[in-house]
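J.: below is the sequence, then the predicted model.
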Amino acid sequence: MDLENTKAQMRKGILEYCILSVLSRNSCYASDIIKELKEAEVIVVEGTLYPLLTRQKNAGLLSYRWEESQQGPPRKYYELTDAGRTYLTDLDKSWKELVDSVNLIRTR
Amino acid sequence: MKITVSINLGGYSFNIDEDAYAELKNYLKNLELHFAGEESSSEILSDIETRMAELFRSKITSYKQVINIDDVHQAISIMGTPEDISDNDGPSARDKFSAPGYHRMYRDPDHRMIGGVCSGMAAYWDIDPLIVRVIFIALALGGGLGVLVYLILYIVIPEAKTTAQKIEMKGNPVNIHNIKDSVKKEFDSVRKNMKFR
């Protein structure tokens, strides 16, 4: 078994949850989301983010608007939708349950 | 001194070294193949291009006006290769091409002398086209039969036009990996033939 691979799998599972959490605090650009996720070491490569952002947008959890930029083409500015907020609340609960379950198993 | 290419990446204009361009193009092509099965793949690719453009823009200063291959390698390691991004949730484009290699005979337009019949047959049997040509010439000299046989084969054997067909011609499975390799080889050979004066 490859440790790096297992770690990557764990991260992948929580990435969607983390994206929604970041956006629940502030609406922002994709590059801002990347910055936070990298600082928290949740993602290693940035490419992982984009398919997820698009999928969540298609599922109605996020929306974006185009923001004009002085320095070039317009950029996507993401925010959480109401459906996204509800979904996040459910995920918060699931996360807590998961942590409790794992701790239970680890400390038995 | 190097030749540079002028590109539009995510709406920004860059000058990029020729070899860096080839590397970048190959990478974007691989990503495209990776996301091919995915809904909204063009949107994902567009977002990735925009992000890479942001990364490149931070490299350009008044002292450094051209993107070089190190910049491209760095950007790729930041963004991740398709293997790094590999994603079990989305439909896998790999599954589309999982059929074992069909081995079909095609005429080979890339290695032809006249019609690609000999090179196509040689590719099918994995032998040197010269051997097939010698046989045809021998047949042609010995009574003209070779010419007739050649013409019939030319009509009957289809030309390998698409990359997938060219892969099948050699009997290799048509999957992402082989298509990637084929496209890269074609690109490289075009590049070699385009020597600017």
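T.: Cool, got the structure. Numbers count the residues shown, from 1 in each chain, chains lettered A, B, ... in the order given.

J.: count of neighbours near residue 46?
T.: No chain in the question, so chain A it is. 24 (other CB atoms under 10 Å in any protein chain shown). C-beta here means a position set from N, CA and C on the backbone, and glycine is covered the same way.

J.: sorry, should have said chain B
T.: By the measure other CB under 10 Å, the count of residues near B:S46 is 16.

J.: surely it and B:L9 touch.
T.: No: B:S46 lies out of contact with B:L9 (CB atoms under 8 Å); the separation is 10.6 Å.

J.: quick check: buried residues in stretch B:164-174?
T.: B:Q165, B:K166, B:I167, B:E168, B:M169, B:K170, B:N172, B:V174 (16 or more other CB atoms under 10 Å in any protein chain shown).

J.: between those residues, which is nearest B:S41?
T.: B:V174 (19.3 Å; CB to CB).

J.: does that closest one touch B:I167 like I think?
T.: Yes: assessed by CB under 8 Å, B:V174 is found in contact with B:I167 at 5.1 Å.

J.: which of the helices or strands spans the nearest residue to B:S40 once chain neighbours are set aside?
T.: In this structure, B:S40 finds its nearest non-sequential neighbour in A:T54, 4.8 Å apart by CB to CB, 6 or more residues apart in numbering or on different chains. Taking DSSP states H and E as the criterion, the element that holds A:T54 is helix A:49-58.

J.: and the following helix or strand past that helix, which strands flank it?
T.: Once helix A:49-58 ends, the next helix or strand along the chain (criterion: DSSP H and E) is strand A:62-69. When pairing is defined by DSSP bridges, strand A:62-69 lines up against strand A:72-80 (antiparallel).

J.: for the very next helix or strand once past the strand it pairs with, buried residues please.
T.: Scanning forward in sequence from strand A:72-80 by DSSP H and E, the next helix or strand is helix A:82-107. Using 16+ other CB under 10 Å as the test for burial, helix A:82-107 gives A:G84, A:Y87, A:L88, A:L91.
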